[in-house]
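Engineer: I would like the atomic coordinates for the input below:
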Amino acid sequence: MNAQLRELAIAYAVTALMMLVGLLITRAGSRAYFRWPVYSAMAMVLGVVSWNLMRKHLLPAEWTMTHANLLYSGALATYATVGLALGLLLGRLTGRKTAPEQSTIDNIRDKP
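Structural biologist: Numbers count the residues shown, from 1 in each chain. Just a heads-up that it's a prediction; the model follows:
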């Protein structure tokens, strides 16, 4: 496997794993887990594009040669952040509906 495909697989794995963590934290419904592989691929693309834009416009050009390890860590952190954020958002949108508390039901019944 060539280097670009390997790096793409690493980016997908980091993004998908953090997106899964976000879904588990929010206790997402089953619909979210069904859509998770496709949404994590879209999150990976969003993370890669945003990292490339940040690297191009915010960081000095000579850092590609002098701070390669720092740039690699920054890319992985960007992928993880995007994956977690979108996982939390997807989990929030597809969250399980819980039954209302008993006190809320009693308050509704007591009103004339």
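
Engineer: burial measure for the closest residue to Val48 other than its chain neighbours, as a count.
Structural biologist: In space, Val48 comes closest to Ala11 once its chain neighbours are excluded; the distance is 6.0 Å by C-beta to C-beta, 6 or more residues apart in numbering. (Each C-beta comes from the backbone N, C-alpha and C, glycine too.) For Ala11, the neighbour count with other C-beta atoms under 10 Å is 22.

Engineer: name the element Ala11 belongs to?
Structural biologist: helix 3-25 (DSSP states H and E).

Engineer: returning to that earlier point: the residue nearest to Val48 and Leu46 touch, don't they?
Structural biologist: No: assessed by C-beta atoms under 8 Å, Ala11 is found out of contact with Leu46, at 10.9 Å.

Engineer: Let's see the helix holding Ala11 as PDB, backbone CA atoms only.
Structural biologist: Below are the C-alpha coordinates for helix 3-25, written out as PDB (Å, rounded to 0.1, in the frame of the first residue of the first chain):
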ATOM      1  CA  ALA A   3       2.000   6.100   1.600                       C
ATOM      2  CA  GLN A   4      -1.000   8.300   0.600                       C
ATOM      3  CA  LEU A   5      -3.400   5.400   1.000                       C
ATOM      4  CA  ARG A   6      -1.900   4.500   4.300                       C
ATOM      5  CA  GLU A   7      -2.200   8.000   5.600                       C
ATOM      6  CA  LEU A   8      -5.800   8.200   4.400                       C
ATOM      7  CA  ALA A   9      -6.600   5.000   6.200                       C
ATOM      8  CA  ILE A  10      -5.000   6.400   9.400                       C
ATOM      9  CA  ALA A  11      -7.100   9.600   9.000                       C
ATOM     10  CA  TYR A  12     -10.300   7.600   8.500                       C
ATOM     11  CA  ALA A  13      -9.500   5.400  11.500                       C
ATOM     12  CA  VAL A  14      -8.900   8.300  13.900                       C
ATOM     13  CA  THR A  15     -11.900  10.200  12.700                       C
ATOM     14  CA  ALA A  16     -14.200   7.100  12.800                       C
ATOM     15  CA  LEU A  17     -13.000   6.100  16.300                       C
ATOM     16  CA  MET A  18     -13.600   9.600  17.700                       C
ATOM     17  CA  MET A  19     -16.900   9.800  16.000                       C
ATOM     18  CA  LEU A  20     -17.900   6.500  17.600                       C
ATOM     19  CA  VAL A  21     -16.800   7.800  21.000                       C
ATOM     20  CA  GLY A  22     -19.000  10.800  20.500                       C
ATOM     21  CA  LEU A  23     -22.000   8.600  19.700                       C
ATOM     22  CA  LEU A  24     -21.300   6.400  22.700                       C
ATOM     23  CA  ILE A  25     -21.100   9.500  25.000                       C
END
